[in-house]
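Colleague: what shape does this take:
(chains A, B, C and D)
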2 protein chains.
Amino acid sequence: MGVKERKERERVDMKELILKSAHQLFIDKGFDEVSIRNIAEAIEYSPATIYLYFKDKNEIFHALHGEAFKVFNHFVAGVFEIKDPFKRLVAMGEKYMEFTFKYPKYYTIMFIAEAPMQCDESSEGWLEGGRALEALEGIVAECMKQGSLKTQPVKAVAFTIWSYMHGMCTLALRDRMKHYTEEEREGMIEKSFKIFIQLLKNQ
Amino acid sequence: MGVKERKERERVDMKELILKSAHQLFIDKGFDEVSIRNIAEAIEYSPATIYLYFKDKNEIFHALHGEAFKVFNHFVAGVFEIKDPFKRLVAMGEKYMEFTFKYPKYYTIMFIAEAPMQCDESSEGWLEGGRALEALEGIVAECMKQGSLKTQPVKAVAFTIWSYMHGMCTLALRDRMKHYTEEEREGMIEKSFKIFIQLLKNQ
DNA sequence: TAGGAAAATGAACACTGTTCATTATTTTTG
DNA sequence: CAAAAATAATGAACAGTGTTCATTTTCCTA
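Modeller: Got it, this is the predicted structure:
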C-alpha cells in the first residue's frame, strides 16, 4: 500500500527534474531569458505540466534563489579555516568577488533581480542568505574583539562592508565602468579593494 | 522651399513626443513594463510608427538613459555651492541617496539595468554620466589637497566611494535588507553612511 | 475488468518586440 | 489644377512570452 508514498516520491522527483533543468538553463541564459517552454522542452513535457508542480515562474525563481545562496555559502566556506579574523575578512571579500564574476547569473538572482515580493522572509533563499550575513557579522565582531577593527555597532559595519563589495561587483557586472580606459579598468577593482581594506584597518 | 526644414522639425517633434510619452510611462512603470504598444497608444499612433523614429526599444532606452543622467546632474548641482570639499562630498552622498529613492526608475536605468551594449561610450548617457563621475573625482582631489582625505590615487578613491554608495542604495532598492528587523532597517543606512564618512575622515 | 482518481496535454488567451506590404497623406512636377 | 512621385502611417502578421482550462491519457483501486 506504499502507493501514496511512491506518488509523493515521484512528485518530489519531478520537481527536482524541473528545477535541475531550469537551473542549467538559468546559468547559461539568466532568469528572464529562460521560458517555461524552454524548461518543458528540456525535460520533454508539455509547458502546462510545469504548472502542476510550480505555481508560477516566480516559484521557480524562489527555488533558484535558494540554490544560489547554497552555492555561495559552499563557495566561501573555505575562508573559515583562516584563524586571523581580519585576514578572514579580507579573504571573504576576495571570495565574494570571485563568486560574483564566476557565477554572474547566481549573483544576479541573489542580489540584483527584483525580488519576488510575495515571499515570506522564511523562504529557503533568505534563510541561507541570512546565514551568510551572520557569518560576516561574526567575523566583524571578532575583528573588533581582536582590535583590528574599531569597536562600533557590528551590524552597521558589516552592512557597510557588504554595501561596498556589492556596489563594486554590480558596477562591474552591469558594465558601468565604461568611463575608465581599458587599462584603468583592469586594476581599478583591485586598487579600490586595497584602499577599502586600508580604510577599515587604519582606525 | 522650407519644406525640408519643416519636415526635419516635425521629425524632431515626433521623436520628442514619443520620448516624452515613453518617459512618463517609464517613471510610472519601469522600462520592462512599458511596451511599444503602450507608448503608441499614449500618443495615439500605431505601434509601427514608433519604428519610423526609433530603431528599436533599446534606442528609446538610450534616450531615457541620457535623460536620467541629466536629471541626476541637475538634482545634485546644488552641492557645488558648498565651499568645504569634504562637506561637499558628504552632501553629494546624501543627495545621491535622496535621488535614488526619489527616482528609483531613473536609478535603475542609470546603474542597474543591463546596459544596452551596442552603444558607443560617446552616447548622451555615458557622457553625462562621465561628467558626474568627474565631478566626484574633482571633489575627492580637493579633499586630498585640503588634507581631509589621505592622498591616494584619486580615481580609485572616487570609485571606492561610488561603489559603497551604489551598493547600499541598490541593496535597499532591490529589497535585500529583509534580514534586518523593521526598526533596524530604518536606521541602518543612516548609521552605515556615518560609519563610512568616519572611515574616510579618520585617516 | 469497469470506474474513478490523478496526471499530462493541446489549444487558447492576452500579451510582447518587430517587420512589411498596403494604404493614406503630402509634396513636387508637368 | 491634376498626375506622379515621395513620404508617412498603418493593419496584419510572425514568433515569442506566462498562464489557464477543458479534454484526454494514464494509473490505481474496488
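
Colleague: show me where chain A has its helices.
Modeller: Assigned by DSSP state H, the helices in chain A fall at A:3-29, A:36-43, A:47-53, A:57-76, A:85-102, A:104-107, A:124-146, A:154-173, A:182-201.

Colleague: now render those as CSV, adding distance to B:Glu67.
Modeller: Where you see a C-beta, it was placed from the backbone N, CA and C, and this is true even at glycine. Shown next, in CSV, are those (distance: least, Cβ to Cβ, whole Å):
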stretch, distance to B:Glu67
helix A:3-29, 30
helix A:36-43, 35
helix A:47-53, 39
helix A:57-76, 31
helix A:85-102, 30
helix A:104-107, 28
helix A:124-146, 34
helix A:154-173, 21
helix A:182-201, 26
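
Colleague: between those, which one is closest to B:Leu17.
Modeller: Closest to B:Leu17 of these is helix A:154-173 (Cβ to Cβ; 34.0 Å).

Colleague: for the closest one, the averaged confidence score.
Modeller: In this model, helix A:154-173 carries a mean pLDDT of 98.

Colleague: could you see whether chain B lies near that helix?
Modeller: Yes: using Cβ under 8 Å from any Cβ of the partner chain, we find that helix A:154-173 touches chain B at A:155-157, A:159-160, A:162-168, A:170-171.

Colleague: show me where pLDDT drops low in chain A?
Modeller: Low-confidence segments of chain A (pLDDT under 70): A:1, A:115-122, A:202-203.

Colleague: got the residues of it near DNA strand C?
Modeller: A:Lys7, A:Glu10, A:Arg11, A:Met14, A:Tyr45, A:Ser46, A:Pro47, A:Ala48, A:Thr49, A:Tyr51, A:Leu52 (Cβ under 7 Å from any atom of the strand).

Colleague: now do the contacts for the closest residue to A:Val34 other than its chain neighbours.
Modeller: In this structure, A:Val34 finds its nearest non-sequential neighbour in A:Leu25, 4.5 Å apart by Cβ to Cβ, 6 or more residues apart in numbering or on different chains. Residues in contact with A:Leu25 (Cβ atoms under 8 Å, 6 or more residues apart in numbering or on different chains) are A:Val34, A:Asn38, A:Ile39, A:Ala42.

Colleague: ok, the third one - contacts?
Modeller: By Cβ under 8 Å, 6+ apart, the contact set of A:Ile39 is A:Ile18, A:Ser21, A:Ala22, A:Leu25, A:Ile50, A:Ile60.

Colleague: which of the contacts of A:Leu25 are buried, as a PyMOL select command?
Modeller: A single PyMOL command is used to select the members of the contacts of A:Leu25 judged buried by 16 or more other Cβ atoms under 10 Å in any protein chain shown:
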select buried, chain A and resi 34+39+42
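
Colleague: show me which of the contacts of A:Leu25 is closest to B:Val140.
Modeller: Nearest member of the contacts of A:Leu25 to B:Val140, counting by Cβ to Cβ, is A:Val34, at 41.8 Å.

Colleague: against chain B, how distant is the closest one?
Modeller: 15 Å (Cβ to the nearest Cβ, to the nearest Å).

Colleague: follow-up on the earlier one: how about TSV for the residues of helix A:154-173 next to chain B, with neighbour count and distance to A:Gly93 added?
Modeller: Formatted as TSV, those follow (neighbours: other Cβ atoms under 10 Å in any protein chain shown; distance: Cβ to Cβ, whole Å):
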residue	neighbour count	distance to A:Gly93
A:Lys155	20	18
A:Ala156	21	17
A:Val157	25	14
A:Phe159	27	14
A:Thr160	27	12
A:Trp162	24	10
A:Ser163	25	12
A:Tyr164	27	9
A:Met165	22	6
A:His166	25	11
A:Gly167	24	13
A:Met168	27	10
A:Thr170	23	15
A:Leu171	21	15
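
Colleague: which one of these is nearest to chain B?
Modeller: A:Gly167 (2.6 Å; Cβ to the nearest Cβ).
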